[in-house]
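**Student:** below: sequence and its predicted model.
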Amino acid sequence: MDQHANLLLSAEVLRREEGLIRGQTVGNAFALKRLASQTYLVVDKLQARALAEFAQPKNVPEALENCIRNRKCPPLGDFYDLILKAHRAGMLRSEELCTEAPAAIEHPPVRWFFSLPPRLMTVLFGLGALIALGVGLSRWGVVMPAGWLDYLCGWAAICGALSLGHVLAGAALRGAGCEVHRPRFRWRTPLPHFAVDQTDICMAGRLGRANLEVASLLPLTAVSFAALWFHQSWSVFPLAALFLACRPVGGSPFSRLLLVLRRQPLLSTDQAPLFDAQPTFAESLRQGWRRFDGRVASLQFLASIAWVFALGATGYRLFQLRVVGLLEDWSHWEKTLLGLGAALAATGLLWLGTELRHPVRAVLRGWGRHLRVVWRRARQQPLTPERNLEEIEELIRRNLLLGQLDVGTQMELALCCQPFQAGRWRALTRFDEAPAHVTLIVSGRASLYRRRKSGRKDRFLRVREGDLFGAHHLVDTTDANLEIRTGSRLVALAIAPADFQRLVIDRLGPAAVAAYLQKHLFLQNSSPFCADWRPAAIARFVELADTAHHAAGGRILQRGQEVHNLYVLYEGEARACDKHKRTSTLQAGDLFGEISLLQTSGAIADVETKEDARSLVVSRLEFIRFMTRSHHVALQMERLGSQRLGRPIFPLERSAFEER
């Protein structure tokens, strides 16, 4: 996503354009039209309510926060895509632009000389004409053109039929209450013809749309039928153009006629997205299923079979081949079935490759990053202040805690660093021992363990390149009894505890150092839901999070009761039990309470602690505000909640409000 889109979704103040025209409701959807630019947006009622949030100027995070609070939030991917498409269409504009004078209409509608009201008889007459043409084609057949005059007549017949089709389409637009825009003659095409812009038909109902598609096909059907009736040798040309216009897929008039029968019309957010968040494979399947309509798919399948059969039969008649002989010869059927099976297999493989390309690419990239890290760790040499002072200063600047020091203190700290190495699986510090030094990792990784009351050792934190450890005992005695072990070859910088106390803790304060050691490192390296967050997002979450203590056997959440906070388990274990008595165990790093906060509903499960525990707590208001200001975090929260619910968390269902 480019920088402009990020700015638009995070900070820019937008306002909905006044004077938008609303089309007829079809199913649960309708079109919005901006007359000045003749741009359209097809939305459902839920998306329209989201756009209504911008009736007063506000930024996207504020609008999303209101949508979540008022329980009218669409799926977040659709929400962000809707904002981008509405802005591109000019329906959401920057507040400064809304104060300017209204824009002039770029392509004003023209006055059409007659109208064709939408009637069911007109649609049935058009479909009957296609059937009659098929009967005539099977009876009279089609002949090859004899000379250049036949080619010229066929070309002229197609051009005239296309022009008349657009004239009738304009009449159908006016009959459906829509506008006719940009009538023109298209010269720069192989088939020059008169044309009108038909995009305004999205403002009409089902019958009006069907009436337009049938009206545009009628002249070509009539010309083809007349050419066959009079046995004209140029009849093959309008017939070929009609076959092309009647293909069941690919945006032809006939395929659009079939799409009119969809229970729920396709929305603008169902088209090519502007918001480029990569969905998971399961989300791609769910989006495809949402766009799928069994009734239309069945009709397209049957129409495709009829279309292919009619095209093949016409070709055989044209080249004077016996269709009956083809049907009686089983060798042809064997070849056809073999080719059909190969085509279906190739289509399936192509579909799998299209759907799985993003997950497979992500896996391959992950392997590549891991191999590069292993190679870099194997080649890393110790850093000494005498030879690598600039590299040490750069490493200090990149660290989130040490980077807060002034430049002079950073240089002094760099001179205090001493090179340190350790082999794989080596114990750097054991329980009941104080670390000999504070360590800043240059290359490698290490694990920090704490001991539970039962005596069992529990790993609660992993640290890696650029992280700092070994200072817990300097800021908080409750987290002082730790065991530290390397997980790979470790190349680091050692800082004496006295120097760290003098240059870091005394300058930044114990609270800032404790927040980094206890919260930031934990969220960044031990909490799976924060693993992909940007450092700025983690730092903001750390500022919002408080620490809460829970006694063994205590109940943190009660099913059906209002949830006031988001919880991230920091120490200990907890047990969640839903209304179906299904029990799951929560470990350190897991979060809970997010579903109830996003749905503004009661807790969906009881959460009890198995032992004394601690958690990081963020209030509901602060959590919603934090989440809405980072679309990456919002999408991840939606994905996590949907996985736990077993269904999409947005849009909200009635069952989300039962427990309140």
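**Tutor:** Right, received. Where do you want to start?
**Student:** switch to C-alpha atoms for all contacts and neighbour counts from now on
**Tutor:** Will do.
**Student:** contacts for stretch 195-203?
**Tutor:** Defining contact as Cα atoms under 8 Å, 6 or more residues apart in numbering, one finds that stretch 195-203 is touched by 22-24, 30-32, 42, 163, 166-167, 169-170, 173, 176, 178-186, 208-209, 212.
**Student:** average pLDDT for stretch 447-462?
**Tutor:** For stretch 447-462, mean pLDDT rounds to 85.
**Student:** among the contacts of stretch 195-203, name the buried ones.
**Tutor:** Buried by 16 or more other Cα atoms under 10 Å: 22-23, 30-32, 42, 163, 166-167, 169-170, 173, 176, 178-181, 183, 208-209, 212, out of the contacts of stretch 195-203.
**Student:** of those, which belong to helices?
**Tutor:** 163, 166-167, 169-170, 173, 208-209, 212 (DSSP state H).
**Student:** for those residues, which one is nearest Ser601?
**Tutor:** The nearest member of these to Ser601, counting by Cα to Cα, is Arg209 at 41.5 Å.
**Student:** just the helices in the stretch 151-300 of the chain please.
**Tutor:** Assigned helices in the stretch 151-300 of the chain, in chain order: 206-229, 236-245, 253-259, 281-291, 294-318 (criterion: DSSP state H, counting those that start in this stretch).
**Student:** repeat for the stretch 351-500 of the chain
**Tutor:** Secondary structure of the stretch 351-500 of the chain (DSSP H, counting those that start in this stretch): helices at 389-398, 407-416, 472-475, 497-500.
**Student:** got the ones you listed as CSV, with mean neighbour count and distance to Arg262 columns?
**Tutor:** Formatted as CSV, the helices of the stretch 351-500 of the chain follow (neighbours: other Cα atoms under 10 Å; distance: least, Cα to Cα, whole Å):
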stretch, mean neighbour count, distance to Arg262
helix 389-398, 17, 55
helix 407-416, 16, 65
helix 472-475, 19, 62
helix 497-500, 17, 68
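**Student:** rank the ones you listed by pLDDT, which is bottom?
**Tutor:** helix 472-475 (a mean of 89).
**Student:** from the chain's centre, how far out does that one sit?
**Tutor:** 43 Å (Cα atoms, centre = their mean, to the nearest Å).
**Student:** picking up where we left off before, among the ones in helices among the buried ones among the contacts of stretch 195-203, which two are most distant?
**Tutor:** Going by Cα to Cα, the pair spanning these furthest: Ser163 and Gly208, at 20.1 Å.
**Student:** leaving out the residues flanking it, which one is nearest to His550?
**Tutor:** Nearest residue to His550, sequence neighbours excluded (Cα to Cα, 6 or more residues apart in numbering): Ala613, at 5.1 Å.
**Student:** burial count for the one you found?
**Tutor:** Number of residues near Ala613 (other Cα atoms under 10 Å) recorded here: 20.
**Student:** distance of it from Ser488?
**Tutor:** Going from Ala613 to Ser488 by Cα to Cα, to the nearest Å gives 30 Å.
**Student:** re earlier: will you turn the helices of the stretch 351-500 of the chain into TSV that also has distance to Lys457?
**Tutor:** Below are the helices of the stretch 351-500 of the chain laid out as TSV (distance: least, Cα to Cα, whole Å):
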stretch	distance to Lys457
helix 389-398	32
helix 407-416	33
helix 472-475	17
helix 497-500	26
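**Student:** residue boundaries of the strands in the stretch 1-150 of the chain?
**Tutor:** Taking DSSP state E, counting those that start in this stretch, the strands of the stretch 1-150 of the chain run over residues 13-16, 21-22, 29-34, 39-44, 58-59, 92-94.
**Student:** which of those sits closest to Glu562?
**Tutor:** strand 58-59 (28.4 Å).
**Student:** now, which of the ones in helices among the buried ones among the contacts of stretch 195-203 sits nearest Trp367?
**Tutor:** Nearest to Trp367, judged by Cα to Cα, of those is Arg209 at 51.1 Å.
**Student:** which pLDDT value belongs to that closest one?
**Tutor:** 94.
**Student:** would you confirm that it contacts Leu258?
**Tutor:** No. Counting by Cα atoms under 8 Å, Arg209 sits too far from Leu258 to count as a contact (10.4 Å).
**Student:** distance of the residue nearest to His550 relative to Gly554?
**Tutor:** Where Gly554 is concerned, Ala613 sits at a distance of 10 Å (Cα to Cα).
**Student:** repeat that for Ala576.
**Tutor:** In terms of Cα to Cα, Ala576 sits 12 Å off from Gly554.
**Student:** low-confidence stretches in the stretch 251-400 of the chain?
**Tutor:** 278-285, 320-337, 340, 351-352, 354-359 (pLDDT under 70).
**Student:** domain assignment for this structure?
**Tutor:** Domains of the chain are assigned by automatic domain parsing as 3-18+38-98, 120-261+293-328, 341-379, 389-526, 542-657.
**Student:** need the least confident one among those domains, by mean pLDDT.
**Tutor:** Least confidently modelled of the domains of the chain is domain 341-379, at a mean of 75 by mean pLDDT.
**Student:** ok, back up a step: just put the strands of the stretch 1-150 of the chain in a markdown table and tack on distance to Glu465.
**Tutor:** A markdown table is the format used below for the strands of the stretch 1-150 of the chain (distance: least, Cα to Cα, whole Å):
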| stretch | distance to Glu465 |
| --- | --- |
| strand 13-16 | 39 |
| strand 21-22 | 56 |
| strand 29-34 | 52 |
| strand 39-44 | 47 |
| strand 58-59 | 37 |
| strand 92-94 | 42 |
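**Student:** winner for burial among those?
**Tutor:** Of all the strands of the stretch 1-150 of the chain, strand 13-16 carries the top mean neighbour count, a mean of 24, counting by mean count of other Cα atoms under 10 Å.
**Student:** ok, the nearest residue to Pro265 once chain neighbours are set aside - contacts?
**Tutor:** Nearest non-adjacent residue to Pro265, counting by Cα to Cα, 6+ apart: Ala29, 6.6 Å away. Applying Cα under 8 Å, 6+ apart to Ala29 gives the contacts 42-45, 264-265, 267.
**Student:** run a quick neighbour tally on Leu137.
**Tutor:** When neighbours are counted by other Cα under 10 Å, Leu137 registers 20.
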